[in-house]
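A.B. asks: just a sequence and a predicted model for now, questions to come.
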Amino acid sequence: MWNLILNQKRPFLERIQIKLASPEQIKEWADRTLPNGNTVGRITSSQTVNYKTLRPVKGGLFCERIFGPIKDFECACGRKKNKKTQKFCSDCDVEYTSSRIRRHRLGYIQLISPVTHIWYLKGRICYISILLGLRRKRVEAVTYCTEKLEISEKKTLNFSFSPFFFKKLPAYTSDIRQDSIKRRDTRDTRDTPLNSSILKTPDKHIQFKADQILNKSETNQRFSRSTMVCQDLKRAVCAPFSDLLLKENKDVDKLESNKKFPSLYPLPEGKNKIFQTFSQQSILPISQEFPWQSEKDRNFFLGYMTCLPKDGDIPIPTYSNLVENLEINISDFNLTGIETVRKVLANTGAFAINKRLIQLELVVLDKILRNELVEVKTDINELENQDFLILPDFRRLQRLFAHRSKLIRRLILVRDFIRSKTRPEWMTLSVIPVLPPDLRPIIQLDGDQVAVSDLNKLYQKIFFRNKRLYRTNLGNVFFAQRLLQEAVDALIENGKGGSDPICASNDRPLKSLSDILKGKKGRFRQNLLGKRVDYSGRSVIVVGPTLKLHECGLPKEMAVELFQPFLIRQLMAKKIVPTIVTAKNLINEQDPIVWQVLQQIMQSHPILLNRAPTLHRLGIQAFQPKLVNGRAILLHPLVCPAFNADFDGDQMAVHVPLSFDARGEAWKLMWSRNNLLSPATGQPIIVPSQDMVLGCYYLTTFNSKPQLPSLVLSNTGQNISETKTKVLSNIKSSVHKDLLDTHFCLTVSSQTNFEKKQLVGEKNNVLPLTKKSQKRISHYFSDFNDLLKAYYQKEIDLHQSVWVRKNGLLETEKTFESPLEIRVNSFGQYNQIFSTYQYDYDSNGQKVKQYVRTTPGRVLLNKLLFA
């Protein structure tokens, strides 16, 4: 037995197809046959449970016979299963089984008149209107009984006995009063001795054997003979019926009992115009629910109406006027309520849509549409090949384009139905499936309050309106049908298409089946695709600017709970605690050693962060956790674009990979440092965000205000010439002499032997300097730390241009650049000043120092990057 179970393979599913279900299929889902022969599955009562005992009502929306027992292996009587072979309770017909079947066992409600499925009527694409070739508004108007739809009836050649008004002869009337004439109508729903005797001997009453067909040869054989019976039948006056009569092995002339029933042959054409007009229409005499004053009057009326006419009887004179004014014609007095409603709604409502869809022959329609499409394309090609189109031809071409698109849509839909082997009339519902009761529960709250699912209220409303349609009079049938359609619409999708939703007592729209399935809180995304798993948590994310790209901050409270098995194992391995109970107590006390051990565990154990919806592979990534205080998860801002997350209240889920292989895959495949590029486009997915770009721009910006010029000698030609001759005589290198002679601009630095007192204020050939200007001019720093120290002491601005000494090679934008300025002192030492750097040389031409022109903001940014 065990080997058989282990060797069983799971069924291989190539695909799962969702398609329309037929009414028979819906009934098959719910119907079950009990051992006593009874069939259960149909909901016959709108009640749910007895609110005093909370026990399901028999035949209701929570019936135990239909959906299964509430308690395991216990019937509605309260008895438990005793014998192993006992499957059902003999008293209450409840199956002895597990109560879990109440989560998947269905029921159904049988509708009197079909309704249209709102998804195919008011969806983004109205499939019913496309398939029927009608406008969408017209289909909706017909569905909600505001317009009628003409339907070409196919003649049903079935026998139907139709009594009618006749003015009886006085003698015949007296016989009726004396009850000497028996009624011969088997369609009376009452159980009478006469009806039972007729049904027992149908050969003697062949006119009551309905829905039976004669072929043409048998018809000619029976009614072509010139017998006495046929002559009597031809002379008789009778009601219309089918061209084909009953299928009998015996000839009609051999049945002597048929002589009593002259209503077995059609009225001869051209004779008796009064009866010819009478035979074209039929009437509804009086409803069976008419409140008769006495039983005797009702029996007299029924006997008068159902007895057969005699020779000489004539119709009531006012009948012809009555027929012309009748809008609703019913051909049988003893019709049941269901048949009456369906005949009234034959040309409007979903019943008319259903009949039109039934008449569609998809294979024939496919050929017709293809031929018509070829003709339309031919006309389009003729117009397109013309060199010039006048306005009427251009408008005709536009109409042809629109007509071609409609034909293509209709043809595609027809082929889809043919390919899936479904019928179009299944888009209308005559059977409403009822969900299992555990998916629409009734929960008892504190006290006497009870919480009822919205679906139960919607099912009850459908049941009430379906019953109302059965009981209503003919004047209100259209209104009742519309109410039933709106109730089913609310069950499937409440408020769709702009209609007013059905609301509860507090004006809250009831939650329909579509609301349960769709959306973020629906069955698919919330329960099926987003199941709860162990070793996982969820919290709000906040920005962690001090984190590295591969790190995330995990709250201590969450980390202790997620890593508790690993933490307990490590505490026991290090001999800190002897048992698991002691370890849990130590963790609950939040001993400092717990955080130390936990930090060691988390250094080699990644965690997975996921943000719903996970639309691509980068929606879940691995990070190295760091313990943080608080209850929020810290996330690096650069990884937010991959998650499509921001810090306005978004939540993320945390998962812990348990096995060694899972951790290895997390480090290798899902680590955030390895997911710099988008797998879909190959473009960088980790790019600086707007605030980062703005911050970098602010840090690296130069101050645009011009600085005061350096201390420069006046352009007096005599002084400059003398100084130039003196300086060049101290330079030993001839190469540098030529260079300085070409680019000579003399300034006085602090290293010269000129005194500032002699230059500032005493002579008119120099610019005056103030203390403030001296502070802002030409700041030089020995290294970056010296610069940052001055910035922190607020001696310089964040965007102020400064010179910082830097050893090593310098990278420049240009390979060769001419100096902007060359400064030379009297000892032959000079420096070359470029736009972003400068070099200091000694008198031998050897480079002594080099400086970089920058700002404190740029130095600060580079320090953060290289840190």
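C.D. replies: Cool, got the structure.

A.B. asks: thought Thr812 was touching Arg853, still the case?
C.D. replies: No: counting by CB atoms under 8 Å, Arg853 sits too far from Thr812 to count as a contact (11.1 Å). Using the backbone N, CA and C atoms, a C-beta is placed for each residue, glycine as well.

A.B. asks: what touches both of those two?
C.D. replies: When contacts are counted by CB atoms under 8 Å, 6 or more residues apart in numbering, Arg853 and Thr812 have Thr836, Tyr837 as shared neighbours.

A.B. asks: higher neighbour count, those two?
C.D. replies: The residue with the greater number of neighbours, taking Arg853 and Thr812 and applying other CB atoms under 10 Å, is Arg853; the counts read 16 against 12.

A.B. asks: the more buried one: what secondary structure?
C.D. replies: Three-state secondary structure (criterion: DSSP: H, G, I helix; E, B strand; the rest coil) places Arg853 in strand.

A.B. asks: give the contact list for it.
C.D. replies: Taking CB under 8 Å, 6+ apart, one finds Ser801, Val802, Trp803, Ser835, Thr836, Tyr837, Gln838 in contact with Arg853.

A.B. asks: Gly808 versus that one, what's the distance?
C.D. replies: Using CB to CB, to the nearest Å, one obtains 16 Å as the distance from Arg853 to Gly808.

A.B. asks: closest one of the contacts of Arg853 to Phe417?
C.D. replies: Top of the list for closeness to Phe417, among the contacts of Arg853 and by CB to CB, is Thr836 at 75.4 Å.

A.B. asks: touching, that closest one and Gln850? I think so.
C.D. replies: No: contact between Thr836 and Gln850 fails when scored by CB under 8 Å: they sit 11.3 Å apart.

A.B. asks: more neighbours, those two?
C.D. replies: More neighbours surround Gln850 than the other of Thr836 and Gln850, with 18 against 14 (other CB under 10 Å).

A.B. asks: so for whichever strand or helix holds that one, mean pLDDT?
C.D. replies: Here Gln850 sits within strand 847-854, counting by DSSP states H and E. The average pLDDT within strand 847-854 is 89.

A.B. asks: quick check: buried residues in it?
C.D. replies: Of the residues in strand 847-854, those with enough neighbours to count as buried (16 or more other CB atoms under 10 Å) are Gln850, Tyr851, Val852, Arg853, Thr854.

A.B. asks: dump those residues to TSV, plus distance to Leu491.
C.D. replies: What follows is the buried residues of strand 847-854, written out as TSV (distance: CB to CB, whole Å):
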residue	distance to Leu491
Gln850	83
Tyr851	82
Val852	76
Arg853	77
Thr854	72
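
A.B. asks: what's the closest of these to Leu20?
C.D. replies: Proximity of the buried residues of strand 847-854 to Leu20, judged by CB to CB, is greatest for Thr854, which lies at 73.5 Å.

A.B. asks: what sits against the closest residue to that closest one other than its chain neighbours?
C.D. replies: Nearest residue to Thr854, sequence neighbours excluded (CB to CB, 6 or more residues apart in numbering): Val804, at 5.9 Å. For Val804, the contacting residues are Tyr780, Phe781, Asp783, Phe784, Asp786, Leu787, Tyr851, Val852, Thr854, Val859, by CB under 8 Å, 6+ apart.

A.B. asks: buried among these? Make that a ChimeraX selection.
C.D. replies: The buried subset of those, as determined by 16+ other CB under 10 Å, is captured in ChimeraX by this line:
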select :781,784,787,851,852,854,859
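
A.B. asks: closest to Ala30 out of the contacts of Val804?
C.D. replies: Proximity of these to Ala30, judged by CB to CB, is greatest for Val859, which lies at 78.5 Å.

A.B. asks: hang on, isn't Asp515 packed against Gly495?
C.D. replies: No: Asp515 is not in contact with Gly495 according to CB under 8 Å; the separation is 9.3 Å.

A.B. asks: now whichever helix or strand comes after the strand holding Gln850 and strand 847-854, what's the angle there?
C.D. replies: Note on strand 847-854: by DSSP H and E, the next helix or strand toward the C-terminus is helix 856-866. Taking axes from the mean of the first three to the mean of the last three CA atoms, to 10 degrees, helix 856-866 and strand 847-854 form an angle of 100 degrees between their directions.

A.B. asks: CA-only coordinates of helix 856-866 in PDB, if you can.
C.D. replies: Once side chains and other backbone atoms are set aside, the C-alpha atoms of helix 856-866 remain, and they are given as PDB (Å, rounded to 0.1, in the frame of the first residue of the first chain):
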ATOM      1  CA  PRO A 856      35.300  72.700   0.500                       C
ATOM      2  CA  GLY A 857      32.100  71.100  -0.800                       C
ATOM      3  CA  ARG A 858      34.000  69.100  -3.400                       C
ATOM      4  CA  VAL A 859      36.500  68.000  -0.900                       C
ATOM      5  CA  LEU A 860      33.800  66.900   1.400                       C
ATOM      6  CA  LEU A 861      32.000  64.900  -1.400                       C
ATOM      7  CA  ASN A 862      35.200  63.100  -2.400                       C
ATOM      8  CA  LYS A 863      36.000  62.200   1.200                       C
ATOM      9  CA  LEU A 864      32.500  60.700   1.600                       C
ATOM     10  CA  LEU A 865      32.800  58.700  -1.600                       C
ATOM     11  CA  PHE A 866      36.300  57.300  -0.800                       C
END
